[in-house]
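Undergrad: Give me a 3D structure for the following:
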Amino acid sequence: GLRAVEGVRRVLEREMSIELPREEVFEFFADAFNLQKITPPDVRFRVLTPAPIELRRATRIDYRLTVFRVSFHWRTVFRLWEPPVRFVDEQESGPYRSWVHSHEFCDLGGTTLVRDQVTYELPWSPPGELAHPLVRRKLDHIFDFRQAAIHRLLSRE
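TA: Prediction:
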């Protein structure tokens, strides 16, 4: 019979340090609406879930975003919620075959190391794999923008 083809699992990792205590940095990430502020404008990222959103394990949030001129609905569910140390959100429905994003916050005494790890699989494998260089460039662009925006919003100045 027909066998589902496993997608290729890929990993995107980023690290940045922010000169603020871990609790403050975690608090910024715990506000789902801050995600709108740190996503490039061309992605047209919008939180659809009405405020206030209380993040905890099993919280679900709906977003809309546009990538390559295609508008997507994205629902994420929080699988792990351990303030102020880490949280993990996973795509429940959206454009990827799978998407798991883990955020870790390491206390370096007044400075916080923020570690992002995204494990993802593209849809429509194997033909979908041809789009990976394009998708990866877009993800890199989003995460570069994000790091710069976080620095701007969270710097002491």
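Undergrad: Spatially central residue for the protein, please.
TA: Closest to where the C-alpha atoms of the chain average out (Cα atoms, centre = their mean) is residue 101, at 5.6 Å.
Undergrad: tell me which element it is part of?
TA: Element membership for residue 101 (DSSP states H and E) is strand 98-107.
Undergrad: swap in residue 146?
TA: helix 132-154.
Undergrad: And the contacts of that helix?
TA: 8, 10, 12, 14, 16, 18, 20, 24-25, 28, 34, 37-40, 43, 67-68, 114, 116, 118, 122 (Cβ atoms under 8 Å, 6 or more residues apart in numbering). Quick note: C-beta positions are derived from backbone N, CA and C, even for glycine.
Undergrad: Can you verify residue 66 is assigned to a helix?
TA: No: read with DSSP: H, G, I helix; E, B strand; the rest coil, residue 66 is strand and lies in no helix.
Undergrad: how many neighbours does the closest residue in space to it that isn't next to it in sequence have?
TA: Distances taken as Cβ to Cβ, 6 or more residues apart in numbering place residue 44 nearest to residue 66, at 4.3 Å, with adjacent residues excluded. Residues near residue 44, counting by other Cβ atoms under 10 Å, number 13.
Undergrad: could you dump the helix or strand of the chain with the lowest mean pLDDT to PDB, C-alpha only?
TA: In the chain, the helix or strand scored least confidently by mean pLDDT, DSSP states H and E is helix 34-37, which has a mean of 92. Presented in PDB, the C-alpha positions along helix 34-37 are these (Å, rounded to 0.1, in the frame of the first residue of the first chain):
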ATOM      1  CA  ASN A  34       5.500  40.900  21.300                       C
ATOM      2  CA  LEU A  35       5.900  38.400  18.500                       C
ATOM      3  CA  GLN A  36       4.200  40.900  16.200                       C
ATOM      4  CA  LYS A  37       6.800  43.500  17.100                       C
END
